Structure formats: structure tokens, C-alpha cells
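> generate coordinates for the sequence data below:
(one chain, ligands or ions: 1)
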Amino acid sequence: MLGKYAQLKDQLGTLRETGADPFNVTFDRILSPTTAEIGGREVLLLGTNNYLGLTFEESCVGKAVAALQADGTGTTGSRIANGTYGAHVALEKRIARFLHRRDAMVFTTGYQANLGALSALAGRDDQLLLDADSHASIYDGSRLSEATVTRFRHNDPDDLYRRLRHLADRPGEKLIVVEGIYSMLGDVAPLREFAAVKRETGAYLLVDEAHSLGVLGEHGRGLAEQAGVEEDVDFVVGTFSKSLGSIGGFLASSLPGFEVLRLIARSYMFTASLPPSVAAGVTQALDVLGSRPGLRLALNHNADRLYAGLEAAGFKLGPTPSPIVAVRLGSAETAIAFWNMLLARGLYVNLALPPATPERQALLRTSVSAAHNREEIDFAIAAITAVGEELGLLSETGAALSPAK
Ligand code: PMP
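Got it, this is the predicted structure:
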């Protein structure tokens, strides 16, 4: 049965011979939102998606512990059977209120939110239009739906428009699916332009704000808020596993009849609901997100500082500064060596290899947190620059080592 994976097994074997296994890192102890112990050594974490640093936020931990003690460790059931507690209903109301939407439904992960949303919304006669760089959960959700799937060029509203024009005579509804911030390169969707295409073609629009909720927009509602097009977004998907520091996902909308999705979305119905402690902690995290805009400012300040520092050193990065800063590297071998050398220097980042990356690039993916301090960001810039030089990746002029602004 496993023979078909022989090639991948060999590749993994080679990977392990060259150093630590980047896909099997164990944090022996988590010391803070930005530091951990690996193999008895303290490392700086620069690849956790913990954008607001809320994993140890006292008020969230407090609410989660209280719910854990009051309601137990798990619900042992689906939302449509014995798995709906007051904490789930309160969280759904909180999300809807936060996003100015009429309704929200909570899933056990963001992955399941996309599976449930796409498979339930798009039926046999419908058309799904996906950005080519969509997350795996969007692709998997579209496979579960019986709709016809069309991919359009990444972040290209003109290509989307052409394809929608082409599909104009087809029966059924059209649903455009894009993300706020893309998880590999940290690039942002041109959402205003996508919204204009949606209006002109009569399609529906779903935005997965997994990496942009809590990060973009004056109130942290995401890219749609920042771009001023919330009215045009029919469905918002998001996750609790990034800026909210926990686990779970949601789908929110103001469309009438939304409630019926609870009896259609299979990844909602046929799986156990979130532990109530998680729901209570996330509800509190939404309060923190709303009441402490300084967290978002600190996050974006750190993002700008890291981006500027690495750009000045001469690295090729994603197109714009964002809390995801990706270093583009020529080959997978270089990226693997780079990743190991950073770990040896006490810096943990994510290694992203083709085919999971856009344009089959090998990437060092970093993500910053509001919880990083200036010294930590500067340590990361210095470590990445030093390894880049050691590997001969920086030209003399590029590696001018100008201090980060
Ligand atoms: N959507 C996007 C765009 C993501 O990047 C991710 C996680 N990387 C998910 C959905 C899934 O989120 P979760 O971790 O909650 O399953």
C-alpha cells in the first residue's frame, strides 16, 4: 500500500541525513509566544502564525480554564447532536457581531470551514472560480462540491473577468473564492478590483481571511474592511488558529437562509464540535482583538522592520511587507541547508518546498508576531543575513548590511 510513496520516502531520508527534519520539529517546551526549547536549546520562533501573540494571553487562558472546569474536556459529539453548548452559541454571536454579519457558524478547524463552506454553497450546476494560489482547504472543499471548478490567474481580476464572461451563459450561480493575505508569499488580494468584477458579473464572493483577520483593517476585520468592500463580500471564512491563538474556524454571512447550511455542510455535521474551553477562549480573544488595536500596530511595525531589514540585505522577498515575510531561494537544497543553519543559530522559521509553493519556489517562510520585540526582529534579520552570506547568496552590494529602518 505504501509503495507508491517510495520516492517521497527516499527524499525524506535524504533530508534527514542533511540535518534536522523540518517537517517534524518538536518544541519540547513553549516558553512564550515567541520562544521555545528544541532539544534543550532556546530558539526564537519566527514561523508560528501567532500574529497577535495571544496564546498566553491571561484573560483568554482564564476563560478557557473556567470553561474547562465547568463543562469538561470535550463535547463528545457533533453540533447537530449533543455538541452544541452555550459557549459555541456565544462564540457564533460574537463573530457575527464583530464582522457586522447576521450569522456565523463555527467549525472545528479552518480547514473544515472551507470544506463545509465550498461543498455546501456550490452545488452540481454551480461554478466555482478559485484563485490559482488557493489554500489546500479551498481546493479540497471544491473537490467535495459537485460544482465546476475554474482556476483564474493568481491575484488577476482581468483574468477572472474573462473567465466569468466565458461562463456567462452557464446555468447556476458563480462563486468567486479569494484569500485576504496569501499564506506563502504574504501577498494581498486586489479585493476592490475583485469586488468590481463580482458586481459586474453578478457572481457571489467568498473571502478567506485566515491570515488577515486581526491583521488588516482599522478594527481588524480583515482585508475586506481595509479595502472598504465588506458590503460586496457575501461569505467570510476565517480561522481561530492564527491571530486568535487557538483552534477552530468559521463561516459568516448576512445572506437570508444561512441557517440551513448547518444541515448541509458535512464537515460541520459529521465531526465533533470544539471543546467549550476553546470556544470560550476564542470569544475572549475577539474581545482582546477589539479592545487592543495597539497589538495590530505592533504587528505591522514588526512586519515592516523585518521586511526592510531583509530587503536591505539583498534577499528576494514577497511583493509587499506583511506579517508573512518569505525569502525566495533558488533550490530546495539551498532552502533546506539554510533552514538547518538558522536552527543551529537559534532561529526557527518555516521551510516551504514545491509543490506546496507558488511557482514551485523554495521558500523560507517567516511570520512575525506583535509579541516580538525589536531585539528579536533584529536578531532574526542578523541571523538570516549571516546565513545568506555564508551560503554565498548575497551579492557584495546587496549585502551592504545597512541597518534596518
Ligand atoms: N485557509 C487558509 C488560507 C489557511 O492558510 C489555513 C491554514 N494555514 C486554513 C484556511 C486552515 O486553517 P486551520 O489551521 O484553522 O485549519
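> what stretches of the stretch 201-350 of the chain score poorly on pLDDT?
The stretch 201-350 of the chain contains no residues with pLDDT under 70.
> residue contacts, the closest residue to P319 other than its chain neighbours?
Spatial nearest neighbour of P319, chain neighbours left out: D187 (5.1 Å); criterion: Cβ to Cβ, 6 or more residues apart in numbering. C-beta coordinates here come from the backbone N, C-alpha and C atoms, glycine included. When contacts are counted by Cβ atoms under 8 Å, 6 or more residues apart in numbering, D187 touches 155, 181, 318-320, 322.
> let me know the pLDDT of D187.
Each residue has a pLDDT score; the one for D187 is 97.
> mind listing what's buried in stretch 321-333?
Along stretch 321-333, these residues count as buried under the neighbour rule (16 or more other Cβ atoms under 10 Å): 321-329, 332.
> same question but for stretch 213-226, I mixed them up
213-217, 220-226.
> closest to G309 out of those residues?
V215 (19.7 Å; Cβ to Cβ).
> and that closest one, which of the three is it?
Each residue gets one of three states, and V215 gets coil by DSSP: H, G, I helix; E, B strand; the rest coil.
> next, count neighbours for the residue nearest to L255 when sequence neighbours are not counted.
Leaving out its chain neighbours, the residue that sits closest to L255 by Cβ to Cβ, 6+ apart is D234, at 6.1 Å. Residues near D234, counting by other Cβ atoms under 10 Å, number 18.
> isn't D234 right up against L205?
Yes: assessed by Cβ atoms under 8 Å, D234 is found in contact with L205 at 5.5 Å.
> any idea which element V25 lies in?
Per DSSP states H and E, V25 falls between elements, in no helix or strand.
> please name the residues that touch the residue in the stretch 101-250 of the chain that the ligand sits nearest to.
Scanning the stretch 101-250 of the chain for the residue nearest the ligand gives G110, at 2.6 Å (criterion: Cβ to the nearest ligand atom). By Cβ under 8 Å, 6+ apart, the contact set of G110 is 137, 210, 237-241, 248-249.
> at contact distance from the ligand, anything in stretch 117-133?
No: Stretch 117-133 is not in contact with the ligand by Cβ under 6 Å from any ligand atom; minimum separation 9.7 Å.
> got the phi and psi for H154?
Main-chain dihedrals, H154, degrees, to the nearest 10: phi -50, psi 130.
> scratch that, R365
According to degrees, to the nearest 10, R365 has phi -100, psi 120.
> leaving out chain neighbours, which residue sits closest to it?
That would be N350: by Cβ to Cβ, 6+ apart, it lies 4.1 Å from R365.
> give me the number of residues near the one you found?
N350 has 21 neighbours, counted by other Cβ under 10 Å.
> so where's the stretch 51-200 of the chain uncertain?
In the stretch 51-200 of the chain, no residues with pLDDT under 70.
> quickly find the element holding A386.
Short version: A386 belongs to helix 374-390, going by DSSP H and E.
> packing partners for that helix?
Judged by 3 or more Cβ pairs under 8 Å, 6 or more residues apart in numbering; DSSP states H and E, the packing partners of helix 374-390 are strand 41-45, helix 293-313, helix 332-344, strand 347-348, strand 362-367.
> average pLDDT for that helix?
Mean predicted confidence for helix 374-390 is 98.
> likewise for stretch 5-15?
The predicted model assigns stretch 5-15 a mean pLDDT of 89.
> extract the CA atoms of it and return them as CSV.
Provided in CSV are the C-alpha atoms of stretch 5-15 (Å, rounded to 0.1, in the frame of the first residue of the first chain):
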residue,chain,number,x,y,z
TYR,A,5,5.2,6.8,-1.9
ALA,A,6,8.7,5.3,-2.3
GLN,A,7,10.1,8.4,-4.0
LEU,A,8,8.9,10.7,-1.2
LYS,A,9,10.2,8.3,1.4
ASP,A,10,13.7,8.5,-0.2
GLN,A,11,13.5,12.3,-0.4
LEU,A,12,12.7,12.4,3.3
GLY,A,13,15.6,10.1,4.1
THR,A,14,18.0,12.4,2.2
LEU,A,15,16.5,15.4,4.0
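> list of residues touching that stretch?
Contact with stretch 5-15 is made by 2, 21-23, 336, as judged by Cβ under 8 Å, 6+ apart.
> what of stretch 262-277?
For stretch 262-277, with Cβ under 8 Å, 6+ apart as the criterion, the contacting residues are 64-65, 67-68, 70-80, 83-88, 105-108, 112-113, 115-117, 119-120, 144, 247-248, 251, 261.
> list the buried residues of it.
262, 265, 267-269, 271, 273-277.
> hey, where'd the strands end up in this protein?
For the chain, applying DSSP state E gives strands covering 29-32, 35-38, 41-45, 103-107, 127-131, 148-152, 174-179, 204-208, 235-239, 249-253, 324-329, 347-348, 350-352, 362-367.
> can you tell me which residues in the chain are near the ligand?
Contacts of the chain with the ligand, taken as Cβ under 6 Å from any ligand atom, map to 109-111, 114, 135, 137, 179, 183, 208, 210-211, 239, 241, 249.
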